[in-house]
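Chemist: with the sequence up front, the predicted model follows.
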Amino acid sequence: MDSVSCTPPYYLTSYRTPSTVISDAVYQVIRGCAYGAVWGMVTPFHAPGSAGAIEEAKTGIFKAARPFSSFRSIGHNAAIFGTVMGVQRLSSKSLELIRQREDFINEIFGFGITYKYYGTFLSFSEERLMLHNRIFGGMILAAIVYGQVV
């Protein structure tokens with residue numbers, strides 16, 4: 001029986017090419033979109049720009065949205081969850097590929113990049129958030145069209 005060392009640092013085992021890093025990031029985006037869609041169905045928060053969000057902004061009083069009340073919040077939350085998971089995975093696994101080591105430093109780096117991404121695009125302003133979601137939706141649509149053409 002071979003002895004396996006479980007002490008850090010763990011050397012790179014699976015991410016040896018950029019294509020594996022990118023495919024894993026795409027997988028995480030799809031997975032994050034699924035999680036976000038489920039959260040969007042039951043979230044108590046209104047989607048940006050919706051009638052409930054505008055009313056909440058005018059009055060300053062939070063009124064929870066009913067579950068399954070807004071299809072708009074499904075796409076909105078799917079875009080947020082998908083990009084957050086994709087950016088984290090892409091940044092951490094890219095550093096892992098560059099360093100050729102699999103350890104917690106890569107995950108901390110991924111967290112830092114994701115935090116900066118979130119602060120810049122998702123929590124800065126509602127207009128920037130809606131622009132982000134439209135760009136993300138356009139990229140998903142372009143990927144689907146590209147997949148059908150090629």
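Modeler: Now that the structure is in, tell me what you want to look at.

Chemist: wait, is I98 part of a helix?
Modeler: Yes - secondary structure assignment places I98 in a helix (DSSP: H, G, I helix; E, B strand; the rest coil).

Chemist: I'd like to know how many residues surround it.
Modeler: 10 (other CB atoms under 10 Å). C-beta here means a position set from N, CA and C on the backbone, and glycine is covered the same way.

Chemist: hmm, who's touching stretch 116-126?
Modeler: By CB atoms under 8 Å, 6 or more residues apart in numbering, the residues outside stretch 116-126 that reach it are 48-49, 80, 83-84, 87, 128-129, 132.

Chemist: recalculate using a threshold of 6 Å.
Modeler: Stretch 116-126 is contacted from outside by 48, 87, 129, 132, using CB atoms under 6 Å, 6 or more residues apart in numbering.

Chemist: ok, stretch 26-43 next?
Modeler: Counting by CB under 6 Å, 6+ apart, 67-68, 73-74, 77-78, 80-82, 85-86, 89 sit against stretch 26-43.

Chemist: could you rerun that using 8 Å?
Modeler: 47, 65, 67-68, 70, 73-86, 88-90.

Chemist: all good on my end, thank you.
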